[in-house]
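Asks: Give me the fold of what follows.
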Amino acid sequence: MSTTVPKLLTLFASVSICACDTPSITKDSTATESERLHRIHVAVTGNDSNPGTAEEPLRSISAAASIAEPGDTITVHEGVYREQVNPPRGGVATDKRITYEAAAGDVVEIKGSEQVTGWQRAENDTWKVVLENSFFGDFNPYNDELSGHWFYASGQPDNVTKNAERRKSHTGAVYLNGAWLNEAATLEEVLKPAGTQPVWFAFVTDTKTSIWAQFPQVNPNRELVEINVRQTVFFPEEPGLDYITVRGFAMSHAATPWAPPTQKQLGLIGTHWSKGWIIEDNDISHAVTACVQLGIKEFGEFPGNVHGMNEIFRFASESGEWHRDNVGGHIVRRNRIHNCGATGINGNMGASFSLIEGNHIFDIHRDRSWSGLEQGGIKLHAAVDTIVRNNVIYRAAHGRARALWIDWLAQGTVIEGNVCFDNERTDLFLEVSHGPTLVNNNVFLSKTSITSTSRGAAYVNNYIAGSVVISATTRRTPYAEPHTTELIGVQINQPLDDRFMNNIFAGSGPAIRPGFGGVTAGVLDALPFDLSNNLYLNGTLPPSQETNPHVVVGADPPFSIVPNGRGHLLEWNLDQSWAEGRTRPVVRAADLGLTHVGKHPFEYADGTPVVIDLDMFGNERNKLNTMPGPVATPGKGATQLSPK
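Replies: Residues are numbered from 1 along each chain as shown. Model (predicted):
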């Protein structure tokens, strides 16, 4: 980052959330009397007819939300709150927002589930419970089928399964002592003896819902068994409620629907087409699809294809709906996001101008009985001037999922300082964008580090342990005026106009490989890539476009992940000689040139030119001869990727 921004960089050790801890916050004990008068208290010992003072708290968060006004803080005390919070209003400015927060040191859980007892043994390990449909109110997840654009039942594209009987997947879920059971395809499957992954099955009539579930070697009536009841946990029904802060909660168990970028996007928690939210220091988990949703409201009918995507972008832009004065500018930071069926953080257009920082995202797309194209640790469309920084993402890219999936209109997007590992598919997928997109100071440790069908990207000072795969597509996608949502054209995406500078490549075989769409080794060698001052280790083969590559034979991998009691440790060992014998200056905007499409310079959101003079921890680089990769100082080092 530029030297004007270093104070924003955050060390992993201070931003991450330990897998063994439920996050809480530390309150400022110096709050003024005026601030205290604007606090509304909620406690499980309260009553919704109370005034909401510390002495006479309300019982539900929803009751507090109904009376909160801009500038108010809702403080929620220890306990489990089973409700769907639907804020009726937001704040009016960054300094006059409505804040929802857990009380200092308290573990506060908000759940979209209900505890269920009355189970009766059916057969083998399987038990059954029958519930009146009135138990669910107006929404029954066990009769709510997953479907929508780019959703693939049975884990396959529509054209594979169109002539076969498709498996139906629902937004219901069953949890045994916090463990998520998978949905069975048939009643016969759930009546069998339980395997390594217990399953459940439901049947809904006009009046009753019957649920069968496998509970191996336990009596579910003596354990904590919960089932999904609510579609969301914290999500306003009305769009455009701005300046809301949600801080310090454990939120879980949402019956969320499939959330494609052409239809209304719901999540366990979401901003619903607003601006200026802060979602921080939470533990967010167990959404059937999206955990954190920054996406679009209902815009009407658009087809689920390239034409539909271009039309929804055009409509949102030309109508003025999609504008930085109306939407985006959110902060999502220091959250622990896990066990999300589709995505940890998701959203089309609504994440523009936002900061997504310091989140730990893991165990995404756990049930592979269905699939689709909205899956990954972070999946964003049109992340215009969005910063995705210092996130740790692992076990988040299975099947069609990617750890970081930045799709369409990645313009002014900065992907910086992230650590990705143990991802089956790819750590970063840049799809059908024309740039400028900046990818710098990241550590990519999976077998495939980067996949791209985009152009106009700059990859600078990254550690790339796996391969880079370049593919082609004939899709025509839009680009905009710099730092705006004003669209100025569409172009076919061709694999060209990328820059790779000051990176460490440490895979085996070719550093950059051909993918699909007619890209072959010969085509790849002819592409106008700008490669300079990259370091190639362990037999990694430099691309032909780099005329003077720095190749080192026999070096150990300089970055590695070591599990420990607090999560994971990132360790490194950088040889001083890698910065000697050649001049490797820091990369600046002038070195990156203009994008081929749009002729845009590489700038930060405030218009200042890009300069990579800091490493992933905010340490200054040697401007005349920096170390390659994301860490500026040679030698050994380590940082804890989980919190204190």
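
Asks: how about the helices in this structure?
Replies: 12-15, 33-37, 61-67, 158-161, 187-191, 306-318, 521-526, 589-592 (DSSP state H).

Asks: Mind giving me the packing neighbours of the longest one?
Replies: Read it as helix 306-318. Packed against helix 306-318 by the contact rule (3 or more CB pairs under 8 Å, 6 or more residues apart in numbering; DSSP states H and E) you find strand 476-480, strand 487-492. Where C-beta positions appear, they are placed from N, C-alpha and C, glycine not excepted.

Asks: mean confidence score for that helix?
Replies: On average, the pLDDT along helix 306-318 is 97.

Asks: Please point out which parts of that helix sit buried.
Replies: Within helix 306-318, the residues scored as buried using 16 or more other CB atoms under 10 Å are V306, G308, M309, N310, I312, F313, A316, S317.

Asks: now that helix and strand 487-492, what's the angle there?
Replies: 160 degrees (axes from the mean of the first three to the mean of the last three CA atoms, to 10 degrees).

Asks: now helix 306-318, how far from the centre of its chain.
Replies: Computed by CA atoms, centre = their mean, to the nearest Å, the chain-centroid distance of helix 306-318 equals 23 Å.

Asks: CA atoms only for it - export them in PDB, please.
Replies: What follows is helix 306-318, C-alpha atoms only, in PDB (Å, rounded to 0.1, in the frame of the first residue of the first chain):
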ATOM      1  CA  VAL A 306     -24.600 -13.100 -19.300                       C
ATOM      2  CA  HIS A 307     -27.300 -11.000 -20.900                       C
ATOM      3  CA  GLY A 308     -29.100 -10.900 -17.500                       C
ATOM      4  CA  MET A 309     -26.000  -9.900 -15.600                       C
ATOM      5  CA  ASN A 310     -25.200  -7.100 -18.000                       C
ATOM      6  CA  GLU A 311     -28.800  -5.900 -17.900                       C
ATOM      7  CA  ILE A 312     -29.000  -5.800 -14.100                       C
ATOM      8  CA  PHE A 313     -25.700  -3.900 -13.900                       C
ATOM      9  CA  ARG A 314     -27.000  -1.400 -16.500                       C
ATOM     10  CA  PHE A 315     -30.300  -1.000 -14.700                       C
ATOM     11  CA  ALA A 316     -28.800  -0.500 -11.300                       C
ATOM     12  CA  SER A 317     -26.300   2.000 -12.600                       C
ATOM     13  CA  GLU A 318     -28.500   4.000 -14.900                       C
END
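
Asks: Okay, angle between that helix and strand 476-480 too, please.
Replies: Calculated by the same axes, to 10 degrees, helix 306-318 forms an angle of 20 degrees with strand 476-480.

Asks: Determine which stretch of the helices and strands packed on helix 306-318 is the most buried.
Replies: strand 476-480 (a mean of 20; mean count of other CB atoms under 10 Å).

Asks: strands paired with that one, and their directions?
Replies: Taking DSSP bridges as the criterion, strand 476-480 sits next to strand 487-492 (antiparallel) in its sheet.

Asks: Point out where this protein drops to low pLDDT.
Replies: In the prediction, the chain carries residues with pLDDT under 70 at positions 1-37, 155-166, 643-644.

Asks: sorry, back to before: could I get the helices of the chain as a markdown table with distance to P563?
Replies: Formatted as a markdown table, those follow (distance: least, CB to CB, whole Å):
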| stretch | distance to P563 |
| --- | --- |
| helix 12-15 | 15 |
| helix 33-37 | 42 |
| helix 61-67 | 36 |
| helix 158-161 | 38 |
| helix 187-191 | 34 |
| helix 306-318 | 40 |
| helix 521-526 | 36 |
| helix 589-592 | 37 |
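
Asks: Please identify which of these is closest to A103.
Replies: With CB to CB as the criterion, A103 lies closest to helix 61-67 of the helices of the chain, at 12.3 Å.

Asks: Show me what counts as buried in that closest one.
Replies: For helix 61-67, a neighbour-count test (16+ other CB under 10 Å) marks I61, S62, A63, A64, A65 as buried.

Asks: State the phi and psi torsions of the spatially closest residue to the last one that is not a sequence neighbour.
Replies: Using CB to CB, 6 or more residues apart in numbering and skipping residues adjacent in sequence, the residue nearest A65 is P87, 4.9 Å away. Backbone torsions of P87, given as degrees, to the nearest 10, read phi -60, psi 130.

Asks: number of nearby residues for P87?
Replies: By other CB atoms under 10 Å, the residues close to P87 number 24.

Asks: For it, give me its contacts.
Replies: P87 is in contact with A65, A68, I98, F234, P236, L241, I244, counting by CB atoms under 8 Å, 6 or more residues apart in numbering.

Asks: about what we covered before: could you dump the helices and strands packed on helix 306-318 into TSV and include distance to N348?
Replies: Below are the helices and strands packed on helix 306-318 laid out as TSV (distance: least, CB to CB, whole Å):
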stretch	distance to N348
strand 476-480	13
strand 487-492	14
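
Asks: which one of those strands lies closest to E374?
Replies: The closest of the helices and strands packed on helix 306-318 to E374 is strand 476-480. By CB to CB, the value is 17.0 Å.

Asks: Distance from the closest one to the middle of the chain?
Replies: Put simply, strand 476-480 sits 23 Å off its chain's centre (CA atoms, centre = their mean).

Asks: looking at it, E226 is touching E114, isn't it?
Replies: Yes: under the criterion of CB atoms under 8 Å, E226 is in contact with E114, at a separation of 6.6 Å.

Asks: Looking at these two now, which is surrounded by more residues?
Replies: A side-by-side neighbour count of E226 and E114, using other CB under 10 Å, places E226 first with 21 against 16.

Asks: Can you tell me how far the residue nearest to A65 is from A64?
Replies: According to CB to CB, to the nearest Å, P87 stands 10 Å off from A64.

Asks: Same check on V414?
Replies: Using CB to CB, V414 is found at 37 Å from A64.

Asks: correct me, but N182 touches A194?
Replies: No: counting by CB under 8 Å, no contact exists between N182 and A194, whose distance comes to 11.0 Å.
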